[in-house]
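Asks: structure, please.
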Amino acid sequence: TVMDLLPERVPGLVPVGRLDADSRGLLLLSSDGSLAHRLTHPRYGVVKRYRLVLGRALTTADLRRLQEGVELEDGLARPLTVRRAGTRRDDVIEVTLAEGRKRELRRLCAAIDAPVLDLVRTGLGPLRLGQLEEGRARPLTRRELEALYAVVGMTPP
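Replies: Numbering: from 1, shown residues only. Take a look at the predicted model:
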């Protein structure tokens, strides 16, 4: 598990949310249950950012369809934003979600026949993955902690 990657055990530390086994990227760990709840509950609308590499190039119509939303078996999946990732490749997109249903991005892309080859969470609320290497962890700065609590209307301890 992700907890096995930590250099030392911290009592009460749990993952905030989840990443599918086929996904990678930013995963926050916290010992504050109230903060974890608010960060993951759809009511608080905490934005999650992702970078996806797809199995084919997307057309402008594909991007529009994703942005407008796709009806899935558990309801409409409609990202906050969908855009090309700024690379010269038409198969790389950046997506933001306010909620994250199980495998939502993979199902959304499958609905337009664009399989996801790589999925990386690059942001959670005010936090950014940045250059942190895969499998590595670091404590949040005071400024990051304050911003994280502020986004869900809490005061940091």
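Asks: alpha carbons only for contacts and neighbour counts from here, please
Replies: Fine.
Asks: give the buried residues for stretch 128-135.
Replies: 128, 129 (16 or more other CA atoms under 10 Å).
Asks: and the contacts of it?
Replies: 5, 24, 25, 26, 121, 122, 123 (CA atoms under 8 Å, 6 or more residues apart in numbering).
Asks: and with 10 Å instead?
Replies: 2, 5-6, 24-27, 48-49, 120-123, 138, 144 (CA atoms under 10 Å, 6 or more residues apart in numbering).
Asks: just the buried residues out of those residues, in ChimeraX syntax.
Replies: To isolate the buried members of these in ChimeraX, using 16+ other CA under 10 Å:
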select :24,25,26,27,48,49,120,121,122,123
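Asks: give me the sheet partners of the longest strand anywhere in the chain and which way each runs.
Replies: If you go by DSSP state E, the chain has its longest strand at strand 116-124. Strand 116-124 has its sheet partners listed here by DSSP bridges as strand 24-25 (parallel), strand 48-54 (antiparallel), strand 127-128 (antiparallel).
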